[in-house]
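Enquirer: output the structure for:
(one chain, ligands or ions: 3)
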Amino acid sequence: MVKADVLLGLQWGDEGKGKIVDVLTPRYDVVARFQGGPNAGHTLEFDGRKVVLRSIPSGVFQSGMNVIGSGVVLDPVLFMQEARELEATGVDLHNHLCVSRKAHLILPTHRKLDAALEAAKGAGKIGTTGKGIGPTYTDKISRNGLRVGDLEVDFEKKYAAAKARHIKMLEGLGGDTDIAELEKQWLEAAAYLRGFRIIDSEYEINAMLDEGKRVLCEGAQGTMLDVDFGSYPFVTSSNTMAAGACTGLGMAPNRIGDVYGIFKAYCTRVGSGPFPTELFDETGKRMRDVGHEYGAVTGRERRCGWIDLVALRYAVMINGVTKLIMMKSDVLDDFKTIKACTAYKIDGKITRRFPFEADAVEIEPVFEELPGWETSLGSARSEEELPENFRRYVAFIEDALGVPVVILSVGPDRTQTIIRNR
Ligand code: GDP
Ligand code: IMO
Ligand code: MG
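Expert: Ligands and ions are numbered 1, 2, ... in the order given. Okay, the predicted model is just below:
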C-alpha cells in the first residue's frame with residue numbers, strides 16, 4: 001500500500017518547513033496542508049526570489065496538485081491576497097490547488113474576537129498571531145463553525161447567525177464590533193474562493209493513494225504548539241503533531257509512511273510561554289541577528305536559545321518521527337562553543353521529561369558543550385565538504401534522539417541543502 005509522508009515542526013514553529021517541503025516536492029504528486037491557517041508563514045527561496053506562504057501549501061511551485069485539507073482554517077481575505085500574488089508571478093493556481101469543503105472559515109468577527117480575548121487576558125496573553133485562529137477552532141469544536149462548503153448553500157442565513165452571536169460576545173468583552181469594511185472585503189474574497197475546485201478532500205486523497213500517487217502532508221506551527229501536547233495554554237488551537245495529518249485529511253493512521261521531523265540547530269519561539277533554553281544575553285541576540293529571527297508574518301522578534309533535546313525527544317516520541325531534518329546550521333558558524341540541553345533540573349532534581357506546568361516551575365537546563373566548527377557552511381553541497389566538528393554535532397543529536405538526520409540545511413536557498421544517504 002502506498003503511504004503518505006508527513007513533514008512537521010518539532011519545536012515552536014518556524015523550523016524551515018516551507019523550504020524543505022519545496023525541496024522535497026519533486027518526489028511527490030500531491031502536497032496537502034492538514035491544519036493551522038494564516039498563522040503560518042512558510043518561507044521559500046529560489047532563483048533569487050523569496051516567497052512567504054500562509055494558507056497555500058509549499059508545493060505550489062513544483063507540485064502537480066496542492067490541497068488545503070479539512071483540518072485547515074481559511075480566511076478568504078488573506079487567501080485571496082496570497083493567491084493573487086502567486087497568480088501575478090505566473091503560478092497557474094486554479095489548476096494546481098483544491099480546497100476541502102470541510103475546511104472551516106475564519107470570519108471577520110473571529111479576528112476581532114482573537115484581539116478582544118487576548119486583551120482580556122492582559123499579562124497572561126498568549127501572543128497570538130491575531131488571525132482569528134483560536135476563535136475559529138473554538139466554533140468548530142463547539143459545533144458552531146461555518147465551512148467552505150457552506151458557501152455553496154444558504155450561506156447568508158448561516159453567516160448572519162454566526163455574526164450576531166459573535167457581536168454579542170464582542171460586546172461582552174468590550175471588543176471592537178466595527179466590521180463593515182472587513183465584511184465587504186470578506187464577502188468579495190469568499191466569492192473568489194468559490195472559483196477554486198472545492199473538493200471532498202478525504203475521498204480524493206484516499207483515491208490518490210489507492211492509485212499509487214505520492215502524497216506529502218505539510219504541517220504548520222510545531223509540536224510544542226500542539227493544543228493537546230504542547231506547552232499548554234501557550235499553544236495554537238490545532239493538532240500540529242503527526243496524528244493531525246489523519247484528522248486533518250481524513251486519512252487512516254496505517255496510511256502514514258515516513259514522518260519527517262524538522263528542527264533548527266538551535267531553538268526559537270515567538271509569542272509567550274515557556275522556553276527552557278532561552279538566552280537573554282549577547283549569544284541569544286547573536287542568534288537572532290545572524291538567523292534573521294523575526295516573524296515571517298508578524299515581523300515580531302523571535303526568542304532564541306540553544307537546542308533543547310528534552311523537548312525534541314518528546315516531540316520525536318509523540319510523532320513517531322522516522323527521519324530528522326536539521327535547519328539553519330549555518331547560523332552557528334561563528335560560535336566557538338555550541339551547547340545542547342540534555343536534561344532539566346527542577347527543584348534540584350534532574351529530569352528528562354518535559355514538565356506538565358512548564359510555565360510555573362523553574363527549569364534549569366543541563367547543558368553539554370561541544371566545540372564549534374568556526375567555518376562557513378553556506379557553500380557546502382555535499383557531506384564530504386562538512387567540517388569534522390559539525391559532523392560531530394549532528395552525530396551527537398542523532399545519538400540523543402535515536403533517529404537519523406537525513407537532510408542538512410546550510411542556508412535559506414533551495415540549493416543550500418544536503419541530502420544524506422541514511
Ligand atoms: P516555517 O514556518 O517552518 O516554514 O519557517 P519560516 O519560513 O517561518 O522561518 C524559517 C526562516 O529561516 C526563513 O526565513 C527561511 O528563509 C530561513 N531558512 C530556512 N532554512 C535556512 C537555513 O538553513 N539557513 C538559514 N540561514 N536560513 C534558513
Ligand atoms: P509556522 O507554520 C511560530 C504561535 C503564536 C502564539 C501561538 C498561538 O510559520 O511555523 P495563534 O495565532 O496560532 O492562535 O497563536 O502560536 N504561532 C506560531 N509561532 N510559527 C508559526 O507558524 C506559528 N503559528 C502560531 O506566536 O504564540
Ligand atoms: Mg513560519
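Enquirer: just the buried positions in the longest helix along the chain, please.
Expert: Longest helix in the chain, counting residues (DSSP state H): helix 155-173. Buried positions in helix 155-173, judged by neighbour count with 16 or more other Cβ atoms under 10 Å: 155, 158, 159, 162, 163, 166, 167, 169, 170, 173. Yep, even glycine has a C-beta here, placed from its N, CA and C like the rest.
Enquirer: what is the mean pLDDT for it?
Expert: The average pLDDT within helix 155-173 is 97.
Enquirer: and the angle from the next helix-or-strand element following that helix to helix 155-173?
Expert: Once the chain leaves helix 155-173, the next helix or strand it forms, by DSSP states H and E, is helix 180-193. Helix 180-193 and helix 155-173 are oriented at 150 degrees to each other (axes from the mean of the first three to the mean of the last three Cα atoms, to 10 degrees).
Enquirer: ok, the closest residue to residue 199 other than its chain neighbours - how many residues close by?
Expert: Nearest non-adjacent residue to residue 199, counting by Cβ to Cβ, 6 or more residues apart in numbering: residue 98, 4.6 Å away. The tally of other residues near residue 98 (other Cβ atoms under 10 Å) stands at 21.
Enquirer: what is the longest helix of the chain packed up against?
Expert: helix 108-121 (3 or more Cβ pairs under 8 Å, 6 or more residues apart in numbering; DSSP states H and E).
Enquirer: neighbouring contacts of the helix it packs on?
Expert: 75, 125-128, 130-136, 139, 162-163, 166-167, 169-170, 173-177, 179, 182-183, 186 (Cβ atoms under 8 Å, 6 or more residues apart in numbering).
Enquirer: does any bit of the next helix or strand after it sit next to ligand 2?
Expert: The first helix or strand that comes after helix 108-121 along the chain, using DSSP H and E, is helix 133-141. Yes: using Cβ under 6 Å from any ligand atom, helix 133-141 reaches ligand 2 at 133, 134.
Enquirer: do stretch 221-229 as well
Expert: Yes: applying Cβ under 6 Å from any ligand atom, one finds stretch 221-229 touching ligand 2 at 221, 222, 225.
Enquirer: drop anything exposed from those residues.
Expert: 221, 222, 225.
Enquirer: pull the CA atoms of stretch 400-415 into PDB?
Expert: What follows is stretch 400-415, C-alpha atoms only, in PDB (Å, rounded to 0.1, in the frame of the first residue of the first chain):
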ATOM      1  CA  ALA A 400      20.400  11.600  21.700                       C
ATOM      2  CA  LEU A 401      17.200  11.300  19.600                       C
ATOM      3  CA  GLY A 402      17.800   7.800  18.100                       C
ATOM      4  CA  VAL A 403      16.700   8.900  14.600                       C
ATOM      5  CA  PRO A 404      18.900   9.600  11.600                       C
ATOM      6  CA  VAL A 405      19.300  13.100  10.200                       C
ATOM      7  CA  VAL A 406      18.600  12.800   6.500                       C
ATOM      8  CA  ILE A 407      18.700  16.400   5.400                       C
ATOM      9  CA  LEU A 408      21.000  19.300   6.500                       C
ATOM     10  CA  SER A 409      20.200  22.800   5.600                       C
ATOM     11  CA  VAL A 410      23.000  25.300   5.300                       C
ATOM     12  CA  GLY A 411      21.200  28.400   4.100                       C
ATOM     13  CA  PRO A 412      17.800  29.700   3.100                       C
ATOM     14  CA  ASP A 413      18.000  28.900  -0.600                       C
ATOM     15  CA  ARG A 414      16.600  25.800  -2.200                       C
ATOM     16  CA  THR A 415      20.100  24.800  -3.300                       C
END
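Enquirer: distance from stretch 202-221 to the middle of the chain?
Expert: In this view, stretch 202-221 has its centroid 18 Å away from the chain centroid, taken as Cα atoms, centre = their mean, to the nearest Å.
Enquirer: and the residue nearest to residue 199, what are its phi and psi?
Expert: Main-chain dihedrals, residue 98, degrees, to the nearest 10: phi -130, psi 160.
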